[in-house]
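Colleague: Sequence first, then the predicted structure:
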Amino acid sequence: ADHLLEVRDLHVEFHTRDGVARVINGVSYHLDAGETLAVLGESGSGKSVTAQAIMGLLDMPPAVIPAGEIRYRGRDLLTMRTDERRRVRGKEIAMIFQDALSALNPVFPVGWQIAETLRLREKMSRSEARKRAVELMDLVRIPAAKQRVGDYPHQFSGGMRQRVMIAMALAMNPKVLIADEPTTALDVTVQAQIMDLLAELRRELDMAMILITHDLGVVADVADRIAVMYAGRIVEHADVHSLYRAPAHPYTKGLLESIPRLDQRGHRLASIKGLPPNLMAIPSGCAFHPRCPYRRDVCADVVPPSLALGGGRTSACHFAQEVLDER
Ligand code: SF4
Ligand code: MG
């Protein structure tokens, strides 16, 4: 059967004056109804770019999509008719971004901005749209929504502004919500509140969610599965419990070891040495080899294929089984 959303062997390049940056190099993942997939990686790993491709934000230069498919309910968004594609992307798949302040217009009340989305998309009357805006603000637990519908973005805290963005994304009752670093700009307690809200809304509204983050610490309670990205590839894919229990890729292992742990307060954190690769000159063989404590000669020469480890788990490492067995 078709997945709700499926990215198949996607490639994305940015053609710049300085050369071609290969930002996505054959990414495949899928999402079924009601599921949450976390896409994890450092900045530049391609996790946001994949989402931007899904949302059609790369349909123009310098971005080029030389290969791949993005299938929604079995139909490829990249080759679909423009009007259909616009309908899917506006209504069925919605996205929220890290920076709620710059996404909101400072000169209009937030309730008006939510209502405008509804008026444009759903052709609602002004009073209907305003009523629905209050309902949406209630839905995302903005206190006293009815009184606050006329307030301006600067009158809301960072966390409340992110709730407004979530309300706008939910206005069309999407089947898929893509959240790109939705809590990164917020302080820690507010981060947890927003993650809880997203998890609750996903259940209440029976949405599927793609949660893009650089922080392995925030996804454990929320995600069903995790895809770990490095240099435009998925290096490991697993259900959350398996991945936390025993990572099967040295990069994931490094990420896990750099999460601050409550039971080891004061211990120095291990972190992954070195820098993410230059996408104009991705290292040969395994792109992670310059930073990998497990590397051997073969790693610089041969691109590791994605190895199936059972239970839907994959790892793109020549020594995946060894890493997995080691714990
Ligand atoms: Fe490390 Fe080699 Fe595995 Fe790449 S293929 S992650 S360099 S051991
Ligand atoms: Mg990003």
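Modeller: Thanks, I have it. Just so it is clear, the model here is predicted, and its values are computed rather than measured. Ligands and ions are numbered 1, 2, ... in the order given.

Colleague: near ligand 1, which residues of the stretch 201-327 of the chain?
Modeller: Contact residues, the stretch 201-327 of the chain versus ligand 1 (Cβ under 6 Å from any ligand atom): 249-250, 286, 288-289, 292, 294-295, 299, 304, 317-319. All C-beta atoms are positioned from the backbone trio N, CA, C, and that covers glycine.

Colleague: Okay, and which of these map to strands?
Modeller: Taking DSSP state E, every one of those sits outside strands.

Colleague: Next one: whichever residue of the stretch 101-250 of the chain sits closest to ligand 1, what pLDDT does it get?
Modeller: In the stretch 101-250 of the chain, no residue comes nearer to ligand 1 than residue 250, which is 4.3 Å away by Cβ to the nearest ligand atom. In the predicted model, residue 250 carries a pLDDT score of 96.

Colleague: so the closest residue to residue 219 other than its chain neighbours, which of the three states?
Modeller: Nearest non-adjacent residue to residue 219, counting by Cβ to Cβ, 6 or more residues apart in numbering: residue 38, 4.0 Å away. For residue 38, the assignment made with DSSP: H, G, I helix; E, B strand; the rest coil gives strand.

Colleague: Residue 38 and residue 217 touch, don't they?
Modeller: No - applying Cβ atoms under 8 Å as the test, residue 38 and residue 217 come out as separate, 11.2 Å apart.

Colleague: Which residue of the two possesses the greater neighbour count?
Modeller: Taking other Cβ atoms under 10 Å, residue 38 and residue 217 do not tie; residue 38 has more neighbours (25 against 15).

Colleague: who's in contact with the more buried one?
Modeller: 210, 211, 212, 213, 219, 222, 223, 225, 226, 227, 240 (Cβ atoms under 8 Å, 6 or more residues apart in numbering).

Colleague: what pLDDT does it get?
Modeller: 97.

Colleague: what's the answer for the one 10 residues further on, then?
Modeller: The predicted structure scores residue 48 at 93 on the pLDDT scale.

Colleague: same deal with residue 41?
Modeller: Predicted confidence (pLDDT) for residue 41: 91.

Colleague: What of the one 3 residues further on?
Modeller: According to the per-residue confidence, residue 44 scores 88 in pLDDT.

Colleague: following the worst-scoring helix or strand of the chain on mean pLDDT, which helix or strand shows up next?
Modeller: Of all helical and strand segments in the chain, the minimum by mean pLDDT, DSSP states H and E falls on helix 100-103, at a mean of 76. On the C-terminal side of helix 100-103, the closest following helix or strand by DSSP states H and E is helix 110-122.

Colleague: Identify the residues contacting that following helix?
Modeller: Applying Cβ under 8 Å, 6+ apart, the set of residues contacting helix 110-122 is 90-91, 104-105, 108, 124-126, 128-130, 132-134, 136-137, 148-153, 156, 161, 164, 167-168, 171-172.

Colleague: Now intersect the residues you listed with the helices, please.
Modeller: 126, 128-130, 132-134, 136-137, 148, 161, 164, 167-168 (DSSP state H).

Colleague: Direction included, what does the helix or strand encompassing residue 22 pair against?
Modeller: With secondary structure defined by DSSP H and E, residue 22 is part of strand 19-31. Here strand 19-31 is paired, per DSSP bridges, with strand 5-16 (antiparallel).

Colleague: buried residues in stretch 100-115?
Modeller: 100, 103, 104, 109, 110, 111, 112, 113, 114, 115 (16 or more other Cβ atoms under 10 Å).

Colleague: before we move on, what about stretch 125-135?
Modeller: Buried, per 16+ other Cβ under 10 Å, within stretch 125-135: 129, 130, 131, 132, 133, 134.

Colleague: any idea how far residue 17 lies from ligand 1?
Modeller: With the distance defined as Cβ to the nearest ligand atom, to the nearest Å, residue 17 ends up 31 Å from ligand 1.
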